[in-house]
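Q: Return a 3D structure for these sequence lines:
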Amino acid sequence: HLDSQVAIAVDINIEVLLAQTRCCKFYYIIFFRLQYVDSWCCWICLRHICSVQKIIKNLWSEELDHWRSVHDNFDKILSRYEEEERRNTGIANLKIKYTNAFGYFIEVSKGKLSAVPPHFIMRRALVNGDRYTTEKLQELEHELTESDTKVLELERDLFIKIRSSLHEYVPYLMQLAGEIAYTDASLSFAHAAVLHAWTKPEINDGCAFEVEQGRHPVVEAHMGAGEFVPNDLAIGDDGSPSFALITGPNMAGKSTFLRQNALIALLAQTGSFVPAKRAKLGIVDRIFCRVGATDNLARGESTFLVEMTETANILRSATKKSLVIMDEVGRGTSTEDGLSIAQAVSEYLLDGIGCKTLFATHYHELTRMEHPSLEMLCMDVSEENGTVVFLRKVKEGAAENSYGIHVARLAGVPQSVIDRASVILAHIQNLAANKPVLDSVPDVRISSDAPGLFSDEEIVLDEILSADTDNMTPLAALQAVARWKKALSGR
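A: Residues are numbered from 1 along each chain as shown. The predicted structure is shown next:
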């Protein structure tokens, strides 16, 4: 089937149309995606996008090749003609020259004027010699003047002709392109799986997310063989927790653990093998990610506002079939505000949505939360004689320390600052031990239908007015409309 389509492509000389390999995608755009746009506009776009002189390859058109030769090799043409006139006239010092005022001319010195043939046409007499032209030289100069225009016109006409002749083959070529793309993607998946020892995942319609010895494909590729520490994860299955609260120090691997599992889910659902020893995954409808710190100062959005906007989108859009990874929610504001938001978000994900969630945090107070769908995980650390070693291993339980001061020391913060920070930390920890933050928090869950500061209509209207429609894809537009409909219907 594929061979027959390749034969069709060869039969219509499609390979001749691809003047430059790096421009193939632009030919695809011009020939097939813009087949109903004005041909002249397509041709102009093609010349501009490709940034090459030859849209049509050599040997396609003899007339085009001739005019290109005049344009590109005019100096050689003049040299041959100059040599020809020297032989015919016997004037050894005959030269063809050029000026802006007179164009091309033949210069003959005073001592050789007697040898000038009749077909030489006088242009100007000088003290040291005379300047002449000939009908052939005028023809050559005229061809040079017209060569640019001729090349453009011929390329345009040939392009339009080829484009029109290919119109009936568009469905075959589109199908061929699709099958080649599918083959290329499958080959890439297979190459990565063999090269990096990936395994075939088990995909089902359930909610389980079980990964044994999972790895981050990008981080692992930048490390030496055997250096990456794989980790397990099992959430979402019937009777097992769906929410993993992950604590641990900076630089211990929390973010890597979150992202590697999201990548494993994405790879599995695209048909690829996954970087793990074994994986059993239920299909997820969407993957939500709230990690890192970014701002949008041009639109007046601070880092924390961007964080909260992304969090709001997750809470309003996620379903029970979604996979959510969240890292350091609430860290962009005060400790009290951030801790309150982090706990409230966790409770909403647990009680209101019930989706598979990986929630990394430095708020150790959250480890006091209790819920049948909540699992505590932490990054393993070895500490002996004041030396801290991050083992990059995920284990059950809660971390006792974030080791932020240790990381500051590794970053080169002055020792006096490190010593002072240690004293202040010990004082704060003593105060916290006498007055726990969350012990007295009432277990009152506010209904998701309770009115907030702004109504749903106002929130949806604000989202519509701030939507960047120029850069929004059709899929993003449909998702936004579905989200607005869900918000306004109260579901």
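Q: Only the C-alpha atoms, please, for stretch 472-484, written as CSV.
A: Presented in CSV, the C-alpha positions along stretch 472-484 are these (Å, rounded to 0.1, in the frame of the first residue of the first chain):
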residue,chain,number,x,y,z
MET,A,472,-5.5,30.3,21.0
THR,A,473,-5.7,27.0,19.2
PRO,A,474,-9.0,25.5,18.2
LEU,A,475,-8.6,22.8,20.9
ALA,A,476,-7.9,25.4,23.6
ALA,A,477,-10.9,27.4,22.5
LEU,A,478,-13.2,24.3,22.8
GLN,A,479,-11.7,23.5,26.2
ALA,A,480,-12.3,27.1,27.4
VAL,A,481,-15.9,27.1,26.2
ALA,A,482,-16.5,23.8,28.0
ARG,A,483,-15.0,25.2,31.2
TRP,A,484,-17.1,28.3,31.0
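Q: List of residues touching that stretch?
A: 313, 316-317, 460, 463-464, 467, 469 (Cβ atoms under 8 Å, 6 or more residues apart in numbering). (C-beta placed from N, C-alpha, C; glycine too.)
Q: buried stuff in it?
A: 480, 484 (16 or more other Cβ atoms under 10 Å).
Q: Narrow the contacts of stretch 472-484 to those in helices?
A: 313, 316-317, 460, 463-464 (DSSP state H).
Q: returning to what we had before: any chance of the contacts of stretch 472-484 in CSV with neighbour count and distance to residue 199 as columns?
A: Formatted as CSV, the contacts of stretch 472-484 follow (neighbours: other Cβ atoms under 10 Å; distance: Cβ to Cβ, whole Å):
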residue, neighbour count, distance to residue 199
313, 15, 33
316, 16, 36
317, 18, 31
460, 18, 44
463, 17, 41
464, 12, 45
467, 14, 41
469, 9, 43
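Q: which among those gets closest to residue 404?
A: Ranked by distance to residue 404 (Cβ to Cβ), these are led by residue 313 at 29.2 Å.
Q: and that closest one, what pLDDT?
A: Here, the pLDDT recorded for residue 313 equals 90.
Q: do the one 10 residues further on as well
A: pLDDT recorded at residue 323 is 94.
Q: Any idea how many residues pack against it?
A: When neighbours are defined as other Cβ atoms under 10 Å, residue 323 has 25 of them.
Q: Okay, and the beta partners of it?
A: residue 287, residue 356 (DSSP bridges).
Q: Tell me if I'm right that it and residue 353 touch.
A: No - if you go by Cβ atoms under 8 Å, residue 323 and residue 353 don't touch, sitting 11.5 Å apart.
Q: need the longest helix for this structure.
A: Max-length helix for the chain by DSSP H is helix 135-166.
Q: which strands and helices sit next to it?
A: Where contact means 3 or more Cβ pairs under 8 Å, 6 or more residues apart in numbering; DSSP states H and E, helix 135-166 is packed against helix 14-17, helix 39-50, helix 62-72, helix 74-89, strand 103-109.
Q: so where's the protein shaky on pLDDT?
A: Across the chain, the ranges flagged by pLDDT under 70 are 1-53, 386, 432-455, 490-491.
Q: What's the first helix or strand after the longest helix of the chain?
A: helix 170-196 (DSSP states H and E).
Q: buried set for that next one?
A: 173, 176, 189, 192-193.
Q: okay, the angle between that helix and helix 135-166?
A: 80 degrees (axes from the mean of the first three to the mean of the last three Cα atoms, to 10 degrees).
Q: Packing partners of helix 170-196?
A: Partner elements for helix 170-196 (3+ Cβ pairs under 8 Å, 6+ apart): helix 2-11, helix 217-221.
Q: residues in contact with stretch 122-136?
A: Residues contacting stretch 122-136 (Cβ under 8 Å, 6+ apart): 81, 85, 102, 104-110, 112-113, 116, 119-121.
Q: List buried members of those residues by neighbour count.
A: Using 16+ other Cβ under 10 Å as the burial test, these include 81, 85, 104-108, 112, 116, 120 as buried.
Q: biggest separation within those residues, which pair?
A: Using Cβ to Cβ, the two most remote members of those are 104 and 112, lying 19.1 Å apart.
Q: quick revisit: specify which member of the buried ones among the contacts of stretch 122-136 is nearest to residue 56.
A: residue 81 (27.8 Å).
Q: mind listing what the closest one touches?
A: 96, 136-137, 140.
Q: can you redo the residues you listed as TSV with distance to residue 258 and neighbour count?
A: As requested, the contacts of residue 81 are exported to TSV (distance: Cβ to Cβ, whole Å; neighbours: other Cβ atoms under 10 Å):
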residue	distance to residue 258	neighbour count
96	74	18
136	77	12
137	76	21
140	71	18
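Q: Find the helix or strand that residue 210 is a member of.
A: Using DSSP H and E, the element containing residue 210 is strand 209-214.
Q: what's that strand in contact with?
A: Contacts of strand 209-214 (Cβ under 8 Å, 6+ apart): 230-237, 260-261, 264-265, 274-282, 323, 356.
Q: The helix or strand hosting residue 407: which residues count as buried?
A: Using DSSP H and E, residue 407 maps to helix 404-410. Within helix 404-410, the residues that count as buried by 16+ other Cβ under 10 Å are 405-407, 409.
Q: And that helix, how far out from the chain middle?
A: 34 Å (Cα atoms, centre = their mean, to the nearest Å).
Q: got it, and stretch 320-337?
A: On Cα atoms, centre = their mean, the centre of stretch 320-337 falls 25 Å from that of its chain.
Q: buried set for that stretch?
A: Applying 16+ other Cβ under 10 Å to stretch 320-337 flags 321-333 as buried.
Q: Can you give me the end-to-end span of that stretch?
A: The first and last residues of stretch 320-337 sit 27 Å apart, counting by Cα to Cα, to the nearest Å.
Q: With stretch 92-104 instead?
A: Where stretch 92-104 begins and where it ends lie 19 Å apart, using Cα to Cα.
Q: How about residues contacting it?
A: Residues contacting stretch 92-104 (Cβ under 8 Å, 6+ apart): 78, 81-82, 85-86, 105-109, 112, 123-124, 131, 133, 137, 140-141.
Q: That stretch: which residues count as buried?
A: 94, 96, 104.
Q: what's the helix or strand for the second one?
A: The reference is to residue 96. strand 95-99.
Q: Output the buried residues of stretch 92-104 as a markdown table; include the columns distance to residue 289.
A: A markdown table is the format used below for the buried residues of stretch 92-104 (distance: Cβ to Cβ, whole Å):
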| residue | distance to residue 289 |
| --- | --- |
| 94 | 77 |
| 96 | 70 |
| 104 | 67 |
